[in-house]
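S.K.: no letters, just coordinates:
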């Protein structure tokens, strides 16, 4: 039994990037062997185990044979006779098919290190075309490593073109598509992810409502995303909203039909509905109050926070106005019901009189 570090951990170690998780391949072992050693089995479709102490994932070396269309139609073999090379050849890209033994020696039968050095994303074998999800994964890796100068090999681009033309992406579930989108959002280069898919004519399978995406918009979105605070809790929803702002959503139910989480879909709709108000020539206290009320900011301040984080990077005018909105919101929050009750307001009048006070405080800020 031999254990090898594989995949992303080896790749990112060689690139000098932080290693977020470690995955291992186990050669020459059976399920019974792993259980005897105290590993916890967690995989249903194929044997994956958690290490007794580190909890790192360990998978038995395996081969796959395609049966049917899509990314789920595989028959797997986990016999202890399967070699490390047999396991690595089933992986998507050569840069992800490098292993490291417990002495730190690299096992690189498919020249992934060379492709890393040359900044090339290249498929390992023709088996790549058996899994349509890999088209999205390559787009995601191209986006993640674009800042390092990585590009996709011509032969891999051609293979992905063939897969798209064959309709393979139609077999992907909406949940898996969203997972790849969200991962690319976390990488901070969603616009490059979109560019790759657009060049492949694959974007209609991923975000069909974004039919008017083009590289000119990608450049503007890149500048906007670069100004977002990636450490903010609202970053992912803000980034999604900026990427999708030009979309026509009239014929689409993002949550039900495309499994987009409601928080993301709501943030996008909030930006589309309220950004024109922030950009309008009639910038006054009533406009600011309208935005607050449309966002239900009094009960759901996080909606306002996401909107402001998205809108503030659109242009200089939005930057200035959203800063004022933040101050206005703090001023409005200080208005309490007791203030107007003391003045004699009752029932429905309380809300009306509170809004009047809020408007006065916003007007005072605008007058400064």
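M.R.: Right, received. Where do you want to start? Just so it is clear, the structure is predicted and the values come from calculations on it, not from any experiment.

S.K.: stretch 217-237: how far from the chain's middle?
M.R.: The chain centre lies 12 Å from the centre of stretch 217-237; the measure is C-alpha atoms, centre = their mean, to the nearest Å.

S.K.: quick one: residues in contact with it.
M.R.: With C-beta atoms under 8 Å, 6 or more residues apart in numbering as the test, stretch 217-237 has contacts from 182, 185-186, 188-192, 194-195, 238-239, 242-243, 246, 263-264, 267, 302, 305-306, 309-310, 312-314. For the C-beta atoms, the positions are set from N, CA and C on the backbone; glycine is no exception.

S.K.: list the buried residues for it?
M.R.: Neighbour counts over stretch 217-237 (16 or more other C-beta atoms under 10 Å) mark 217, 218, 221, 224, 225, 228, 234, 235, 236, 237 as buried.

S.K.: cool, stretch 24-40 as well?
M.R.: The neighbour-count check on stretch 24-40 (16+ other C-beta under 10 Å) flags 24, 25, 26, 27, 28, 29, 34, 39 as buried.

S.K.: nearest to residue 366, of those?
M.R.: Set against residue 366, the nearest of those by C-beta to C-beta is residue 24 (60.7 Å).

S.K.: need the contact list for residue 288.
M.R.: Residue 288 neighbours (C-beta under 8 Å, 6+ apart): 324, 325, 328, 362.

S.K.: which secondary structure element contains it?
M.R.: helix 285-294 (DSSP states H and E).

S.K.: which residues are contacting the first helix or strand past that helix going along the chain?
M.R.: Using DSSP H and E, the next helix or strand after helix 285-294 towards the C-terminus is helix 301-311. Contact with helix 301-311 is made by 228-229, 232, 234-235, 237-238, 241-242, 266-267, 270-271, 274-275, 278, 291-292, 295-297, 318, 322, 325-326, 329, as judged by C-beta under 8 Å, 6+ apart.

S.K.: can you check what angle separates the helix or strand following helix 301-311 from helix 285-294?
M.R.: Moving toward the C-terminus from helix 301-311, the next helix or strand (DSSP H and E) is helix 316-333. Counting by axes from the mean of the first three to the mean of the last three C-alpha atoms, to 10 degrees, helix 316-333 points 70 degrees away from the direction of helix 285-294.

S.K.: do you know the pLDDT at residue 347?
M.R.: Per-residue confidence at residue 347 stands at 83 (pLDDT).

S.K.: my bad, should have said residue 212
M.R.: 79.

S.K.: which residues of this structure score low on pLDDT?
M.R.: Filtered on pLDDT under 70, the chain yields the residue ranges 44-45, 66-74.

S.K.: can you tell me the centre-most residue of it?
M.R.: residue 182 (1.9 Å; C-alpha atoms, centre = their mean).

S.K.: chain neighbours aside, what residue packs nearest to that residue?
M.R.: Closest residue to residue 182 apart from its sequence neighbours, by C-beta to C-beta, 6 or more residues apart in numbering: residue 236 at 7.0 Å.

S.K.: the one you found is in what secondary structure piece?
M.R.: Per DSSP H and E, residue 236 falls inside helix 235-244.
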